[in-house]
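Visitor: build the 3D model from these lines:
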Amino acid sequence: MTAPASSPRYGTAQAPSALWAAKRFAEQVLAQNDEGHRLCLQGCFEAAEACFRYAVEHQPDWSIAHNNLGWVSQAQGRNEDAISSYKCALRLEPGYVLARANLAYLLAHLYVHLGQYDAARGMWQVLVELYPQDPEVLDNLTSTALRVNDLGAAGHWALRHAAVTRGSTWHALPGDIPDVPTPAPKLSRSKLGHDLEQMRYLRDRQLIGPQLDAVIDGYETALQRFNESDSLLQQQLLASWPLSSTYGRVIHHLPAAHLDEGALNDSPALRGAEQDYQQSPLGIVVIDDFLTPQALQQLQAFCLQSTVWHTNRYAHGRLGAFFREGFNCPLLLQVAEQIQQYFPKVIGTRHPLLQLWGFKYGHDQPATYPHADFAAVNVNFWITPDDANLDKNSGGLVIYDVEAPMDWDFETYNRQGDRIDAFLRASGAQPLVIPYRCNRAVIFNSDLFHATAPLAFRPGYTSARINITLLYGERERAGQG
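Guide: A predicted model of the protein is given here:
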């Protein structure tokens, strides 16, 4: 394990006030402990360890010294020694928060390394009680819940994570909004324009109140002033009201509910889809009328209403929405769970849901470079009404009959478009073009290179192409029984 970062939450501690402590401990012990703490902050762990060992040897009943020795042992990769020291500190002082946090943090990572995800989330649960607004803790509680197929708990912790990282004064997601704001996404014309359209859409349907009229006016002004090449202006706009309190934040969120009658359309096509997937030479199946009409309608409403489209680092104005940042509701989790039930052999509990996201596209987009995903099975479905699609023969997905090489790392097979393109040409790869259809799902082997087909959709906020993607399992484990 690499050395953990020293911080007020995990790490070493200085002695209490010297005036108070000197009544109990020799000055040399205090000095050695504080020198060790300083050396740790500088990354000088061997020298720091000598200081802490001196403190432990000369004051063996001092819990701070044992905690500090544990942390410097952990920083040097001696995890058993670290665990022993943390436990010693807690025996001496059961209520010592830093030692408890250090021990839980170390054990959580060790359990994950061993694949013991239930035990790991028990440790993260200890930490969330100590630090309920810590994004790292909430993120790991989400991840370990997903790993053990506890989608309800994953949804709970992901919403808490969204509240901490994307919450705003305009909408109370579960959990308090932290005092320290998190960085907003970069300012871009595509996101500013989308957010302005979305707020107008919400206002027209009386889903937000008149108190946000001034926010809408502020976005209109920001969009008029926006200059792609003026970075100083962009910083000023981000720092000024109303963008400072709303941009990249959740101001409205539709908690689309679990449906008693089910979310997936129990059709012959869906019931036979797993067998079709298994019989496909590549591992591809296309399912039309994937969702029930009510589920489709509710997910359309969720994607149109929820201000969760935060990520704008993509070309052609595409926006992403992710599970831990608010792209999360009971209905989405019901869809994820039912997919596992309809595909017990291909997915089942063997390949847990690990990623869930949505994308909104600009109204036209050319061909893009293919990529592969770090997953075993990819489930992709589209929800924008068909009448928005101006090219019925395109707008969907292109899947190539070639898998990403297993010796390529994620950066290569997911982002290095030139190298992927050259590899596909050299391999004589052939594309399978699956045209866009509303409520069509494409379930396929995530190792296959794939790309969004060129698209042309009608202008207008409700006509933007939206796809939802769920990734199950990990690619290197796809062939393991």
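Visitor: ranking helices and strands of this structure by mean pLDDT, which lands last?
Guide: The weakest-scoring helix or strand in the chain, judged by mean pLDDT, DSSP states H and E, is helix 18-21 (a mean of 48).
Visitor: just checking, next helix/strand downstream of it?
Guide: Moving toward the C-terminus from helix 18-21, the next helix or strand (DSSP states H and E) is helix 27-41.
Visitor: quick check: what element follows that following helix along the chain?
Guide: helix 45-58.
Visitor: packing partners of that next one?
Guide: helix 27-41, helix 63-75 (3 or more Cβ pairs under 8 Å, 6 or more residues apart in numbering; DSSP states H and E). To be clear about C-beta, it is placed using only N, CA and C from the backbone, and glycine gets the same treatment.
Visitor: residue contacts, residue 241?
Guide: By Cβ atoms under 8 Å, 6 or more residues apart in numbering, the contact list for residue 241 reads residue 218.
Visitor: for this protein, which segments count as strands?
Guide: Taking DSSP state E as the criterion, the chain contains strands spanning 284-287, 319-322, 353-360, 364-365, 377-382, 397-403, 431-434, 441-445, 448-452, 455-456, 466-472.
Visitor: list the pairing partners of the third one within its sheet, with orientation.
Guide: Put plainly, it is strand 353-360. Neighbouring strands of strand 353-360 in its sheet, by DSSP bridges, are strand 319-322 (antiparallel), strand 466-472 (antiparallel).
Visitor: and that strand, how far from the chain's centre?
Guide: Centroid displacement of strand 353-360 relative to its chain, using Cα atoms, centre = their mean, to the nearest Å, is 9 Å.
Visitor: render the CA-only coordinates of that strand in PDB, please.
Guide: Provided in PDB are the C-alpha atoms of strand 353-360 (Å, rounded to 0.1, in the frame of the first residue of the first chain):
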ATOM      1  CA  LEU A 353     -23.400  -2.900 -11.400                       C
ATOM      2  CA  LEU A 354     -20.300  -0.700 -11.200                       C
ATOM      3  CA  GLN A 355     -21.100   2.300 -13.300                       C
ATOM      4  CA  LEU A 356     -24.300   4.200 -14.200                       C
ATOM      5  CA  TRP A 357     -24.400   7.300 -16.300                       C
ATOM      6  CA  GLY A 358     -26.400   9.300 -18.800                       C
ATOM      7  CA  PHE A 359     -25.300  11.500 -21.700                       C
ATOM      8  CA  LYS A 360     -27.000  14.400 -23.500                       C
END
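Visitor: when you give positions from now on, start the count at 745
Guide: That works, and once the first residue is 745, the last one we named lands at strand 1097-1104.
Visitor: could I get the pLDDT score of the residue nearest to the spatial centre of the chain?
Guide: By Cα atoms, centre = their mean, the chain has its centre lying nearest to residue 1068, at 4.5 Å. Note on residue 1068: pLDDT of 97.
Visitor: isn't it right up against residue 884?
Guide: No: Residue 1068 is beyond contact range of residue 884, at 10.8 Å (criterion: Cβ atoms under 8 Å).
Visitor: where are the low-confidence patches of this protein?
Guide: Along the chain, the parts satisfying pLDDT under 70 run over 745-753, 759-769, 916, 919-926, 1220-1225.
Visitor: go again with 50.
Guide: Within the chain, the segments meeting pLDDT under 50 span 745-752, 762-764, 1223-1225.
Visitor: which segments of it make up each domain?
Guide: Per the record, the chain has its domains at 762-875, 933-990, 1012-1221, by automatic domain parsing.
Visitor: same list (the ones you listed) but as CSV, adding distance to residue 754.
Guide: Putting the domains of the chain into CSV (distance: least, Cβ to Cβ, whole Å) gives the following:
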stretch, distance to residue 754
domain 762-875, 5
domain 933-990, 30
domain 1012-1221, 21
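Visitor: which one of these lies closest to residue 918?
Guide: Checking the domains of the chain against residue 918 by Cβ to Cβ gives domain 1012-1221 as the closest, at 10.9 Å.
Visitor: show me how far that closest one is from its chain's centre.
Guide: Worked out by Cα atoms, centre = their mean, domain 1012-1221 lies 17 Å from the chain centre.
Visitor: deepest-packed of the helices and strands packed on helix 789-802, please.
Guide: Comparing the helices and strands packed on helix 789-802 by mean neighbour count (mean count of other Cβ atoms under 10 Å), helix 807-819 ranks first with a mean of 27.
Visitor: that one relative to helix 789-802, how many degrees between them?
Guide: Relative orientation of helix 807-819 versus helix 789-802 (axes from the mean of the first three to the mean of the last three Cα atoms, to 10 degrees): 150 degrees.
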